[in-house]
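>>> below is the sequence, then the predicted model.
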Amino acid sequence: MNTRSFAALVLCFLFWSRASAGPFKIRFVTDWYPQPEHGGYYHALVNGYYAAAGLDVEIIPGGPTTFAVQRVATGAADIGMLNTDGVLEANDRNIPTVAICATFQHDPQALMLHAADPVKDWPDLDGRSIAMTPGNTWFPFLAKKYKLKKTREIPLTYSVAAFIKDPAFIQQIFITSEPFFVRQAGVEPRVMLLSEAGFDPYRVSFTTPKLIREHPEVVRVFVEASIRGWRDYLADPKSAHEAVRKLNPELTPERMDFSYKALRDGHFIEGNPGKGEAIGGFLEARWRSQYAILKDVGVISGKFELTNTWTGAFCNAGH
């Protein structure tokens, strides 16, 4: 028997063993309440992609007090959602965490200003107040790169009420969400994507080295089904949106349509194929760039091996 035939036989045995024991349970914790920004995962779930791969996937909604790293590290979940800098920070704190595929090739985080705000470029933010999440990693980068010595941080409340009332208000947002509510209130916003300033992490799915080591075939089929889910979600979001709205009835069809179009038109999910970007995939240069940025601004010490924090073994195979 040649090497290829033996490998195929082993793979068949692994899948037969898993099938005979029933579907493999995966608890997948997201980074927020159910929303279109999770559309590919819900599409894979409701259309049976995970089930066909021998998985019993439970999507656990996140929220502002959900700490996905801790939940996965302690065994309360198997896979979670995060971003590049969150993965690097976890490893810097000696919490082994491995990114297995990209949810978004580019992060939709941005700053939202009023259309008439005098800020035109990043250095113009000096001396202004910005509502942002405490302990974020992008502001130290902006402050150093653009010499924002007088810019003041104020706590983000996850509401647009203060923005609507105050023409000078600036806040951190997802370009796929907050502008919708602001426009509904009759206010025209302007956004500055953080990626345009050079802070451009992936948003990712991650797990533990243990799950990868003990069940690599499970991780592989989860990633493959998720990538298929995202690809098909971009083609038709209807089934995913129906599932999301049942779980989060506050979302209107108009709000979900806005988010979907922002994701699609901004190419956040698939990126730029001309630069080697693809749904789910990773580029080593992007990881090295983010590592260098966080180390430069003192967010991480960098006393860990970068290649242990991500893998393209599962997400890059079909690209």
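Thanks, I have it. A quick note: this is a predicted structure, and the numbers were derived from the prediction, not measured.

>>> quick one, helices of the chain?
Along the chain, the stretches classed as helices by DSSP state H are 3-20, 39-46, 49-52, 68-73, 84-92, 138-145, 161-165, 178-184, 209-214, 216-235, 238-247, 253-265, 284-296.

>>> tell me which of those is the most buried.
helix 39-46 (a mean of 25; mean count of other Cβ atoms under 10 Å). Every C-beta, even on glycine, is put in place using the N, C-alpha and C of the backbone.

>>> got the domain ranges for this structure?
As assigned by automatic domain parsing, the chain contains the domains 3-105+201-308, 109-197.

>>> can you flag the weakest of the ones you listed by average pLDDT?
Note on the domains of the chain: domain 3-105+201-308 shows the lowest mean pLDDT, a mean of 93.

>>> turn the domains of the chain into CSV, columns for distance to Cys315.
Output for these, formatted as CSV (distance: least, Cβ to Cβ, whole Å):
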stretch, distance to Cys315
domain 3-105+201-308, 4
domain 109-197, 20
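
>>> which of these sits closest to Asn316?
Asn316 lies closest, by Cβ to Cβ, to one member of the domains of the chain: domain 3-105+201-308, at 5.1 Å.

>>> ok, back up a step: ok, which of the domains of the chain comes nearest Ala317?
Using Cβ to Cβ, those put domain 3-105+201-308 closest to Ala317, at 8.2 Å.

>>> starting at the chain centroid, how far to the closest one?
Computed by Cα atoms, centre = their mean, to the nearest Å, the separation of domain 3-105+201-308 from the middle of its chain amounts to 8 Å.

>>> gap between the residue most central in space within the chain and Leu251?
The residue lying closest to the centre of the chain (Cα atoms, centre = their mean) is Arg203, at 2.7 Å. Counting by Cβ to Cβ, to the nearest Å, the separation of Arg203 from Leu251 is 19 Å.

>>> list the residues that contact Arg255.
Phe180 (Cβ atoms under 8 Å, 6 or more residues apart in numbering).

>>> hmm, Ile60 is touching Ile79, no?
No. The criterion here is Cβ atoms under 8 Å, and Ile60 misses it with Ile79 at 9.9 Å.

>>> neighbour count winner among the two?
It is Ile79, of Ile60 and Ile79, that has more neighbours when counted by other Cβ atoms under 10 Å, with 27 against 16.

>>> which residues does that one bridge with?
Phe28 (DSSP bridges).

>>> please name the residues that touch it.
26-29, 72, 100, 205-207, 211, 222.

>>> related to what we said a few turns ago, for the helices of the chain, give me JSON lines that also has distance to Pro273.
Output for the helices of the chain, formatted as JSON lines (distance: least, Cβ to Cβ, whole Å):
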{"stretch": "helix 3-20", "distance to Pro273": "29"}
{"stretch": "helix 39-46", "distance to Pro273": "17"}
{"stretch": "helix 49-52", "distance to Pro273": "23"}
{"stretch": "helix 68-73", "distance to Pro273": "29"}
{"stretch": "helix 84-92", "distance to Pro273": "20"}
{"stretch": "helix 138-145", "distance to Pro273": "26"}
{"stretch": "helix 161-165", "distance to Pro273": "35"}
{"stretch": "helix 178-184", "distance to Pro273": "27"}
{"stretch": "helix 209-214", "distance to Pro273": "27"}
{"stretch": "helix 216-235", "distance to Pro273": "13"}
{"stretch": "helix 238-247", "distance to Pro273": "23"}
{"stretch": "helix 253-265", "distance to Pro273": "15"}
{"stretch": "helix 284-296", "distance to Pro273": "15"}
